[in-house]
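> Mind folding the following:
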Amino acid sequence: MDVGYKGHPWTWCNNWDGDGEIKQRLDRGLSSYPWMQTFERATCKHLDSFASDHSMLLFDTKPGPNRRKKRFYFDKRWLQREEINDVVKQGWDQEVEGTRMFKLTTKVKRCRIALLTWKNRIQGNSKVNIERAKKQLLELGASGVEDIKNKRKCLKNKLKEA
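Below is the predicted model of the structure:
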């Protein structure tokens, strides 16, 4: 059975420039039916090759989801909170074994995790908070509430904090 592929649709290229270039799928990932049942999610990837006319094939028997890591941003508003020093200290002061560079990167990573955990505990999901505040602002705008100015001001402050 042909496993199929991910990546570019060819495994061989004659590496000519211009009109003479030829690209074909000459190499395939093949397996038996029992193997496919054992590794249901297996994929065959066509890897780029710069040193050969054939692409390498990489079988991955446990492909994970293709999620990109979300970039970490330090929010300067956190500095206004008294507990921020304790959160950073908690992440930094844990003992780490290894080279200086390994120790540094591990401590920075632990600080990031501690800050994100703390942020989610005190603030919750920013995206959800923003959507909730926007919805409430729209509802206020549509209603005839007398005290609308104070409520709008309060909701706008919530949006700034989210």
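> in stretch 8-25, what counts as buried?
Burial within stretch 8-25, assessed by neighbour count using 16 or more other CB atoms under 10 Å, is assigned to 10-13. In short, each C-beta sits where N, CA and C put it, glycine included.
> where do the helices sit along the protein?
Chain-ordered helices for the chain, with DSSP state H as the definition, fall at 33-38, 84-92, 100-122, 126-142, 148-161.
> looking at the ones you listed, which is closest to Leu47?
Put simply, out of these the one that sits nearest Leu47 is helix 33-38, at 21.1 Å, with distance taken as CB to CB.
> Could I get the average pLDDT for that closest one?
For helix 33-38, the mean pLDDT works out to 88.
> follow-up on the earlier one: adding distance to Gln24, write the helices of the chain out as CSV.
Conversion of the helices of the chain to CSV gives the following (distance: least, CB to CB, whole Å):
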stretch, distance to Gln24
helix 33-38, 25
helix 84-92, 53
helix 100-122, 44
helix 126-142, 46
helix 148-161, 56
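> among the ones you listed, which is nearest Arg25?
When these are ranked by distance to Arg25, counting by CB to CB, first place goes to helix 33-38 at 19.5 Å.
> Please state the offset of that closest one from the chain centre?
For helix 33-38, the distance between its averaged C-alpha position and the chain's averaged C-alpha position is 31 Å (CA atoms, centre = their mean, to the nearest Å).
> what packs against that helix?
Contacting helix 33-38 under the criterion 3 or more CB pairs under 8 Å, 6 or more residues apart in numbering; DSSP states H and E is no other helix or strand.
> hmm, who's touching that helix?
Counting by CB atoms under 8 Å, 6 or more residues apart in numbering, the neighbours of helix 33-38 from elsewhere in the structure are 1, 3, 42.
> got the contact list for stretch 75-90?
Contact with stretch 75-90 is made by 111, 114-115, 118-119, 122, 161, as judged by CB under 8 Å, 6+ apart.
> what mean pLDDT does that stretch have?
Here the mean pLDDT over stretch 75-90 is 92, rounded to a whole number.
> What of stretch 155-162?
In this model, stretch 155-162 has an average pLDDT of 74.
> re earlier: kindly reformat the helices of the chain as JSON lines and extend each row with mean neighbour count.
Written out in JSON lines, the entries for the helices of the chain read as follows (neighbours: other CB atoms under 10 Å):
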{"stretch": "helix 33-38", "mean neighbour count": "10"}
{"stretch": "helix 84-92", "mean neighbour count": "15"}
{"stretch": "helix 100-122", "mean neighbour count": "14"}
{"stretch": "helix 126-142", "mean neighbour count": "13"}
{"stretch": "helix 148-161", "mean neighbour count": "13"}
